[in-house]
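*Asks:* How does the following fold in three dimensions:
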Amino acid sequence: QVQVVESGGGLVQAGGSLRLSCAASGRTFSTPLMAWFRRTPVKEREFVASIVGGTTYYADSVKGRFTISRDNAKNTGYLQMNSLKPNDTAVYYCAAAPRVSDARSPSTYSYWGQGTQVTVSS
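*Replies:* Residues are numbered from 1 along each chain as shown. Prediction:
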């Protein structure tokens, strides 16, 4: 079993930056795939970014602004968010998967955090 806890959300002005953290505990070696999703008023679970090994994928809406990374020694993942926009406002979730499959599909992931709120004001 793997437990995932996000932190780092908050309120920021448009153009600002935030870094989200995702702390994993338990059988973390069994989760090679990690991702961030977000929930907005119009989308229940929108893919943001994923990482497996040294390979990363990003949604078009965040490409060039967000960076996903992972520190396996600390069992922690990160999402650096720059040039934030009001439509980035969402609850951000960290997710981990025991198998490398469709990284953009929420159904791939077995372990989810409780979410952290990010609010970007205009």
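*Asks:* Quick check, pLDDT for the residue nearest to Glu46 when sequence neighbours are not counted.
*Replies:* Counting by CB to CB, 6 or more residues apart in numbering, Glu46 lies nearest to Arg38, which is 5.2 Å off, once chain neighbours are set aside. C-betas here are computed from N, CA, C, even on glycine. Listed pLDDT for Arg38 reads 98.
*Asks:* how about Arg38, what does it touch?
*Replies:* Listed by CB atoms under 8 Å, 6 or more residues apart in numbering, the contact set of Arg38 reads 45-46, 48, 88, 90-93, 118.
*Asks:* and it, how far is that from Thr89?
*Replies:* Applying CB to CB, to the nearest Å, the value for Arg38 to Thr89 is 9 Å.
*Asks:* In a markdown table, list the contacts of Arg38 along with secondary structure and neighbour count.
*Replies:* Formatted as a markdown table, these follow (DSSP: H, G, I helix; E, B strand; the rest coil; neighbours: other CB atoms under 10 Å):
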| residue | secondary structure | neighbour count |
| --- | --- | --- |
| Arg45 | coil | 16 |
| Glu46 | strand | 19 |
| Val48 | strand | 23 |
| Asp88 | helix | 22 |
| Ala90 | strand | 21 |
| Val91 | strand | 17 |
| Tyr92 | strand | 24 |
| Tyr93 | strand | 24 |
| Val118 | strand | 21 |
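*Asks:* pretty sure Ala73 belongs to a helix, no?
*Replies:* Yes - per DSSP: H, G, I helix; E, B strand; the rest coil, Ala73 lies within a helix segment.
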